[in-house]
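Undergrad: how would this look folded up:
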Amino acid sequence: MEKTVRVRFAPSPTGFLHLGGARTSLFNWAYARKMGGVFILRIEDTDVARSTNESVEVILDSLRWLGFNWDEGPEVDGPYKPYYQSMRLPLYQEQIQKLLQTGKAYRCFCTAEELAERREKAMAEGKNWRYDRKCLQLSPTEVETRLNQGASSVVRFLIPEGETSFIDMLRGDVTFNNVELDDFVLLKSDGMPTYNFACVVDDAQMKITHVIRGDDHISNTPRQVLLYKALGFPVPQYAHIPMILGKDKTRLSKRHGSPSVTYYRDKGYLPDAMVNYLARLSWASGEEEKEIFTRQEIIERFSLDQVSKHSAVFDLDKLNWMNSVYIREANQSVLVQILIEILIREQIIKPD
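TA: Here you go, the predicted model:
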């Protein structure tokens, strides 16, 4: 019996939901619906300094506007709650202890200043800098003594020798030499987990079967695969989708038109038009002449096999054209309601 497909969209609440994140959530949502699976929303809010409740609300509002209803996550809960990483700290501590006890991780007491000094020395000598494992040499007694004295520390993962491979659903076999990887930090000195560690623990415990995310995460994947194996968790399937670029072939930013979903909502773009446009960035159904797809058509046709490995180019003119098609076909009462919502948000009129 095949496992139920379980995918997730896991934004960090440090700002608006940008178009790249919106397309990632769309591909996860469409894949889950196509496969009869589960779409999970998880808030990765371990960056205490930058995460805000306002950003959480903006992200939730943006996903609701796009119509990407989640099956598990904030406001709906589910069997693996809580779905905020900041509320899952005991789970991370449990797995950290497992890695420490099995010798797959170790305490590091090096200060930022010490690391900077050794890094600069290595670079001055023309060497590539990777953590030199100074603290790996500490005995258990020395570690315990320093902790009892209140010394600040992080926990690092001990990278094994050899190579790490995984199969990307878009690229095929991908292999990294472990020499290229650093003994990266799992737990920061303030007790908060790093992205790679929390991501693996949560994906494993939430039984994620497919990780569909941007290709800027490819370099994180070998580290995460090693963590899955060290913790004894099954490794999910990966699909790294290409980035969205501006017409000048640089990463999409405000100079190409605002990259946030709420900007387009507030300018009167229709959610169906935005979903249709985002779906067409790097995904092709094989129907060359067809540009307009309903949500149901996207779900029925969607396949990761048809997602390109090459970066998509954001074309505001095409989005405007697509939006005009949807506006012409929309029911007048729907357009009136959208206009009222915009006027209320702009505080031009008051809600009833």
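
Undergrad: stretch 342-350 spans what distance, first to last residue?
TA: End-to-end distance for stretch 342-350, by C-alpha to C-alpha, to the nearest Å: 11 Å.

Undergrad: pull the residues that contact the helix or strand where residue 265 lies.
TA: In this assignment (DSSP states H and E), residue 265 forms part of helix 261-266. Helix 261-266 has contacts (C-beta atoms under 8 Å, 6 or more residues apart in numbering) with 16-19, 22, 58, 61-62, 65-66, 258, 271, 274, 319, 342, 345-346. (Glycine included, C-beta is placed from N, CA and C.)

Undergrad: for the residue lying closest to residue 169 once chain neighbours are set aside, give me phi and psi.
TA: Among residues not flanking residue 169 along the chain, residue 239 sits closest, at 4.0 Å (C-beta to C-beta, 6 or more residues apart in numbering). Main-chain torsions, residue 239, degrees, to the nearest 10: phi -140, psi 110.

Undergrad: what does residue 41 give?
TA: Backbone geometry at residue 41, expressed as degrees, to the nearest 10, gives phi -110, psi 120.

Undergrad: and it, what does it touch?
TA: Residue 41 neighbours (C-beta under 8 Å, 6+ apart): 8, 9, 10, 63, 70, 72, 73, 74, 83.

Undergrad: let's see it at 6 Å
TA: When contacts are counted by C-beta atoms under 6 Å, 6 or more residues apart in numbering, residue 41 touches 9, 70, 73.

Undergrad: out of those, flag the one nearest to residue 249.
TA: Distances from the contacts of residue 41 to residue 249 were compared by C-beta to C-beta; the smallest belongs to residue 9, at 26.3 Å.

Undergrad: list phi and psi for that closest one.
TA: For residue 9, the backbone dihedrals are phi -120, psi 130 (criterion: degrees, to the nearest 10).

Undergrad: so it is in contact with residue 27, correct?
TA: No - the pair residue 9 / residue 27 is not scored as a contact, 9.1 Å apart, by C-beta atoms under 6 Å.

Undergrad: still on that earlier bit, of the contacts of residue 41, buried ones?
TA: Buried subset of the contacts of residue 41 (neighbour count, 16 or more other C-beta atoms under 10 Å): 9, 70, 73.

Undergrad: the first one and residue 209, how far apart?
TA: From residue 9 over to residue 209 the distance is 14 Å, taken as C-beta to C-beta, to the nearest Å.

Undergrad: same deal with the second one?
TA: Relative to residue 209, residue 70 is positioned 16 Å away (C-beta to C-beta).

Undergrad: just to revisit the earlier point, can you tell me which of the buried ones among the contacts of residue 41 is closest to residue 171?
TA: Checking the buried ones among the contacts of residue 41 against residue 171 with C-beta to C-beta, the nearest one is residue 9 at 21.1 Å.

Undergrad: which strand residues bridge the closest one?
TA: With DSSP bridges as the criterion, the beta-bridge partners of residue 9 are residue 41.

Undergrad: quick one: residues contacting it.
TA: Residue 9 sits in contact with 25, 28, 41, where contact means C-beta under 6 Å, 6+ apart.

Undergrad: sorry, back to before: how about the buried ones among the contacts of residue 41 in JSON lines, adding pLDDT and distance to residue 127?
TA: Below are the buried ones among the contacts of residue 41 laid out as JSON lines (pLDDT from 0 to 100; distance: C-beta to C-beta, whole Å):
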{"residue": "9", "pLDDT": "98", "distance to residue 127": "40"}
{"residue": "70", "pLDDT": "98", "distance to residue 127": "47"}
{"residue": "73", "pLDDT": "98", "distance to residue 127": "45"}
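
Undergrad: could I get those as TSV with distance to residue 328?
TA: Formatted as TSV, the buried ones among the contacts of residue 41 follow (distance: C-beta to C-beta, whole Å):
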residue	distance to residue 328
9	31
70	31
73	35
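
Undergrad: residue 167 belongs to a strand?
TA: Yes - checked against DSSP: H, G, I helix; E, B strand; the rest coil, residue 167 lies within a strand.

Undergrad: what is the burial count for it?
TA: Applying other C-beta atoms under 10 Å, we find 12 residues neighbouring residue 167.

Undergrad: ok, now which ones touch it?
TA: residue 173.

Undergrad: beta-bridge partners for it, please?
TA: residue 173.

Undergrad: do you have the strands of the stretch 1-150 of the chain handy? List them.
TA: 6-9, 38-41, 105-108 (DSSP state E, counting those that start in this stretch).

Undergrad: got these as JSON lines, with distance to residue 251 columns?
TA: Output for the strands of the stretch 1-150 of the chain, formatted as JSON lines (distance: least, C-beta to C-beta, whole Å):
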{"stretch": "strand 6-9", "distance to residue 251": "20"}
{"stretch": "strand 38-41", "distance to residue 251": "25"}
{"stretch": "strand 105-108", "distance to residue 251": "33"}
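
Undergrad: ranking these by burial, who's on top?
TA: Among the strands of the stretch 1-150 of the chain, strand 6-9 has the highest mean neighbour count (mean count of other C-beta atoms under 10 Å), at a mean of 25.

Undergrad: distance from the chain centre to that one, please.
TA: 10 Å (C-alpha atoms, centre = their mean, to the nearest Å).

Undergrad: got the CA coordinates for it in PDB?
TA: Output of strand 6-9 as PDB, limited to C-alpha atoms (Å, rounded to 0.1, in the frame of the first residue of the first chain):
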ATOM      1  CA  ARG A   6       2.200  14.700   2.700                       C
ATOM      2  CA  VAL A   7       3.700  18.000   1.600                       C
ATOM      3  CA  ARG A   8       4.300  21.200   3.500                       C
ATOM      4  CA  PHE A   9       4.800  24.900   2.900                       C
END
